[in-house]
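Q: A predicted structure for the sequence below; I have some questions about it.
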Amino acid sequence: MDISRRRCFNHRSREAAAQCLECGRYFCRECVTEHEGKVICSGCIINLTLSTEKGKKRFRFFGMLLLFFGSLFFLWLVFYYLGVSLLKIPSSFHEGTIWKNLW
């Protein structure tokens, strides 16, 4: 059947202008749009968007988990080296006798 005889899937009174490449249905000019170089209906765009958002949420979770453990490791390093540097300070500094030796 020729496209000129087809009718829009959403609007039966309108003549079809394009066929959705995802679902294969025919639609009028108001019901289709171009997405990534393909003519797609609004329902298929919603499905494509939802599927990509699910993948993004999964990667976002793992990214946040990696960021959390990386931050925890960084804080451990900071406090570890702070403790090491405090241990290297001689005890005479804490007793106040180091100032007497300098003067």
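A: Structure received.

Q: going forward, measure contacts between C-alpha atoms and count neighbours the same way
A: Fine.

Q: Phi and psi next, for residue 15.
A: Note on residue 15: its backbone torsions stand at phi -80, psi 140 [degrees, to the nearest 10].

Q: after the longest helix belonging to the chain, next one along is what?
A: Longest helix of the chain, by residue count under DSSP state H: helix 42-87. Heading C-terminal from helix 42-87, the first helix or strand you meet, by DSSP states H and E, is helix 91-95.

Q: Show me the shaky parts of the protein.
A: 1-4, 51-56, 94, 96-103 (pLDDT under 70).

Q: Work out the gap between the longest helix of the chain and the centre of the chain.
A: Relative to its chain's centre, helix 42-87 lies at 10 Å (CA atoms, centre = their mean, to the nearest Å).

Q: burial of residue 27, as a residue count?
A: 24 (other CA atoms under 10 Å).

Q: got the contact list for the nearest residue to it once chain neighbours are set aside?
A: Nearest residue to residue 27, sequence neighbours excluded (CA to CA, 6 or more residues apart in numbering): residue 8, at 4.1 Å. Applying CA atoms under 8 Å, 6 or more residues apart in numbering to residue 8 gives the contacts 14, 15, 16, 17, 26, 27, 28.

Q: which ones are touching residue 44?
A: Here residue 44 is in contact with 22, 23 (CA under 8 Å, 6+ apart).

Q: for residue 38, that is, sorry about that
A: So residue 38 contacts residue 21 (CA under 8 Å, 6+ apart).

Q: Any chance of the backbone angles for it?
A: Main-chain dihedrals, residue 38, degrees, to the nearest 10: phi -120, psi 150.

Q: and it, how far is that from residue 72?
A: Plainly put, residue 38 is 46 Å away from residue 72 if you go by CA to CA, to the nearest Å.
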